[in-house]
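Q: the following comprises the amino acid sequence and a computationally predicted model.
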Amino acid sequence: NAGVTQTPKFQVLKTGQSMTLQCAQDMNHNSMYWYRQDPGMGLRLIYYSASEGTTDKGEVPNGYNVSRLNKREFSLRLESAAPSQTSVYFCASSELFGSSATEAFFGQGTRLTVV
Amino acid sequence: TQLLEQSPQFLSIQEGENLTVYCNSSSVFSSLQWYRQEPGEGPVLLVTVVTGGEVKKLKRLTFQFGDARKDSSLHITAAQPGDTGLYLCAGASGTASKLTFGTGTRLQVTL
């Protein structure tokens, strides 16, 4: 029972490099999310996808792009990495029934360092 | 932008003490959740509250959703070292599938 799988777990990038963080869930959830978490802080929403084929900006979307490839997969791309993007990135999925969210399940996180 | 502010930001207490963590917003949420996160892991759900004024109890943890559905509190009775972690509230909006997290409260319980 994999739940939410993120790859890679660790990554070091040089300023200006690009990379894509991959996320897949096997729970048939409609909603998927990308968050970043800086040391000792809460989670800030980067982008979310309410359903396959739709994506919306969260609180901190600048410098990121996303793709909801299908119902299972939701990727996050950094086109030109900057040191300010050093963070731990979490992917999550949940199912929204009516106006109430059910439990959000999280991946293990990707620890990204930009030098 | 929906902003969920948690207080206190940090809390260090001794085993057996009681504590309360607060989660406040100027926005109304259709539901509110509390998560706990341990180092190196993703957050794990503790409880979901959906009705204004609702109180839920989970062993030594008591959760309350404000009447106006803008705030919530988490009360821990007789804290134990196993309660140590980062506590996060999260609000779901009624118009979109958007789950917004609070700023977090880091709790340390010592012997």
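A: Structure received.
Q: where in the chain is pLDDT low?
A: Picked chain A for this. A:1, A:97-101 (pLDDT under 70).
Q: oops, wrong one, chain B.
A: By pLDDT under 70, the weakly predicted segments of chain B are B:1-2, B:94-97.
Q: could you redo the last one with a cut-off of 50?
A: Judged against pLDDT under 50, chain B has no low-scoring part.
Q: now the residue in chain A that chain B sits nearest to: closest residue in space that isn't a chain neighbour?
A: Closest contact between chain A and chain B, by Cβ to the nearest Cβ, is at A:Phe106 (2.8 Å). Yep, even glycine has a C-beta here, placed from its N, CA and C like the rest. Spatial nearest neighbour of A:Phe106, chain neighbours left out: B:Gly42 (2.8 Å); criterion: Cβ to Cβ, 6 or more residues apart in numbering or on different chains.
Q: residues contacting that neighbour?
A: B:Gly42 makes contact with A:4, A:90, A:92, A:106-109, according to Cβ atoms under 8 Å, 6 or more residues apart in numbering or on different chains.
Q: redo that, cut-off 6 Å
A: Contacts for B:Gly42 (Cβ atoms under 6 Å, 6 or more residues apart in numbering or on different chains) come out as A:90, A:106, A:109.
Q: distance of it relative to B:Ile13?
A: As defined by Cβ to Cβ, to the nearest Å, B:Gly42 lies at a distance of 25 Å from B:Ile13.
Q: what's opposite the most centrally placed residue in chain A in the beta bridge?
A: Nearest to the mean C-alpha position of chain A, by Cα atoms, centre = their mean, lies A:Trp34 at 2.5 Å. Beta-bridge partners recorded for A:Trp34 (DSSP bridges): A:Tyr47, A:Cys91.
Q: OK, contacts around it?
A: Applying Cβ under 6 Å, 6+ apart to A:Trp34 gives the contacts A:46-47, A:76, A:91.
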